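Show me how the following folds:
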Amino acid sequence: EVQLVESGGGLVQAGGSLRLSCAASRFTFDDYAIGWFRQAPGKEREDVSCFTSRTDTTYYGDSVKGRATISIDNAKMTVDLQVNSLKPEDTAVYYCAADSGGYCSDWTDWGQGTQVTVSS
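Below you'll find the model as predicted:
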């Protein structure tokens, strides 16, 4: 079973930046995808980004496109998400998840989430 642990959340002022990290352990797949998601109170879960090792491609959701960057450290097995120009509407619990097939669709393992609060 893959274990995922998010870190880096906190309180940030609007306009600032935040870097979240997803550390994966017990990861033995040749092809995989790591996704970032977020969920604000009373709202549905939203796709933030997905990196797939199949094509070394990262996809970004419309809400963060142009403001977010994914960084991969294969040695440490971490996938970092940096979001710049933060807005109050970025406030949410951010989760990372793993897809052992690498298709950015079959999310079988989830982290516990990390809270991000953006103050105006």
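
Leaving out sequence neighbours, find the closest residue to the residue nearest the centre of the chain.
In the chain, the C-alpha nearest the mean C-alpha coordinate belongs to residue 36, at 2.5 Å (Cα atoms, centre = their mean). Using Cβ to Cβ, 6 or more residues apart in numbering and skipping residues adjacent in sequence, the residue nearest residue 36 is residue 48, 4.1 Å away. Where C-beta positions appear, they are placed from N, C-alpha and C, glycine not excepted.

Would you check that the one you found makes contact with residue 37?
Yes - between residue 48 and residue 37 a contact is recorded at 5.7 Å, counting by Cβ atoms under 8 Å.

Which one's more surrounded, the two?
residue 48 (25 against 21; other Cβ atoms under 10 Å).

ok, which stretches of this protein are strands?
Per DSSP state E, the chain carries strands over the ranges 3-7, 10-13, 18-25, 33-39, 46-52, 57-60, 68-73, 78-83, 92-99, 109-110, 114-119.

May I have the strands that pair with the shortest one, each with its orientation?
Strand 109-110 sits in its sheet next to strand 92-99 (antiparallel), going by DSSP bridges.

now swap in the second one and tell me
Looking at strand 10-13 with DSSP bridges, its paired strands and their directions are strand 114-119 (parallel).

and what of the first one?
In the sheet containing strand 3-7, the strands it pairs with under DSSP bridges are strand 18-25 (antiparallel).

And for the fourth one?
Take DSSP bridges as the rule and strand 33-39 pairs in its sheet with strand 46-52 (antiparallel), strand 92-99 (antiparallel).

Can you name the residues in contact with the longest one?
Spelled out, it's strand 92-99. The contact list for strand 92-99 (Cβ atoms under 8 Å, 6 or more residues apart in numbering) reads 2, 4, 6, 9, 20, 22, 24, 27, 32-40, 43, 45-46, 48, 52, 79, 81, 105-116.
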